[in-house]
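*Asks:* below are the sequence and a predicted model for it; my questions follow.
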Amino acid sequence: MAKFGELINIKKPVLIDFYSDLNDSEQTLNILRDVAAALGDRAKVIKIDVKKNEALADVLRVKGNPTFMIYNNGEMQWRQTGFQDANTLIGLVQEYL
């Protein structure tokens, strides 16, 4: 859990995709690559496998996949479960730049 705190307590927005290998698709991976490319160094994009991080997923009450979260200065600012397109995610993260 301490490592998660280190990931989100930075001075730029952090977009996290909580996923499961069973539900993760190549399309989602490409969307996150596009988001990361568009935002560059201004934000951080992270994928977290819920099966490998069950305790964290439980604490954050991640029930569906994918679940996206945006943290800014260590605080959750936005959360949505379900598919999101790249432009939507880019726009949401840009609100916290």
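*Replies:* Yes, it's here.
*Asks:* for Arg79, see how far away Leu15 is.
*Replies:* 11 Å (C-beta to C-beta, to the nearest Å). For every residue, glycine as well, the C-beta is placed using N, CA and C.
*Asks:* which of the helices or strands spans Leu15?
*Replies:* In this assignment (DSSP states H and E), Leu15 forms part of strand 14-19.
*Asks:* any common contacting residues for Leu15 and Arg79?
*Replies:* Listed as contacting both Leu15 and Arg79 by C-beta atoms under 8 Å, 6 or more residues apart in numbering are 68-70.
*Asks:* for the protein, just list every one of the helices.
*Replies:* Using DSSP state H, the helices of the chain run over residues 2-8, 26-39, 54-59, 86-94.
*Asks:* sorry, back to before: mean confidence score for the strand holding Leu15?
*Replies:* Mean pLDDT, computed over strand 14-19, is 95.
*Asks:* which of Leu15 and Arg79 has more residues huddled nearby?
*Replies:* Ranked by neighbour count (other C-beta atoms under 10 Å), Leu15 and Arg79 place Leu15 first, with 24 against 15.
*Asks:* does the more buried one touch Ala38 like I think?
*Replies:* No: using C-beta atoms under 8 Å, Leu15 makes no contact with Ala38, being 11.1 Å away.
*Asks:* who's in contact with the strand holding Leu15?
*Replies:* Applying C-beta under 8 Å, 6+ apart, the contact partners of strand 14-19 are 7-8, 28, 32, 35, 43-50, 57, 60, 62, 65-72, 89, 92-93.
*Asks:* stretch 61-78 too?
*Replies:* Residues outside stretch 61-78 that contact it (C-beta under 8 Å, 6+ apart): 5, 8-9, 11, 13-20, 22-24, 28, 50, 60, 79-84, 89, 92-93, 96.
*Asks:* quick one: distance of it to the chain centre.
*Replies:* Taking C-alpha atoms, centre = their mean, to the nearest Å, one finds stretch 61-78 lying 6 Å from the centre of the chain it belongs to.
*Asks:* ok, stretch 36-46 next?
*Replies:* Worked out by C-alpha atoms, centre = their mean, stretch 36-46 lies 11 Å from the chain centre.
*Asks:* then stretch 68-84?
*Replies:* With C-alpha atoms, centre = their mean, you get 6 Å for stretch 68-84.
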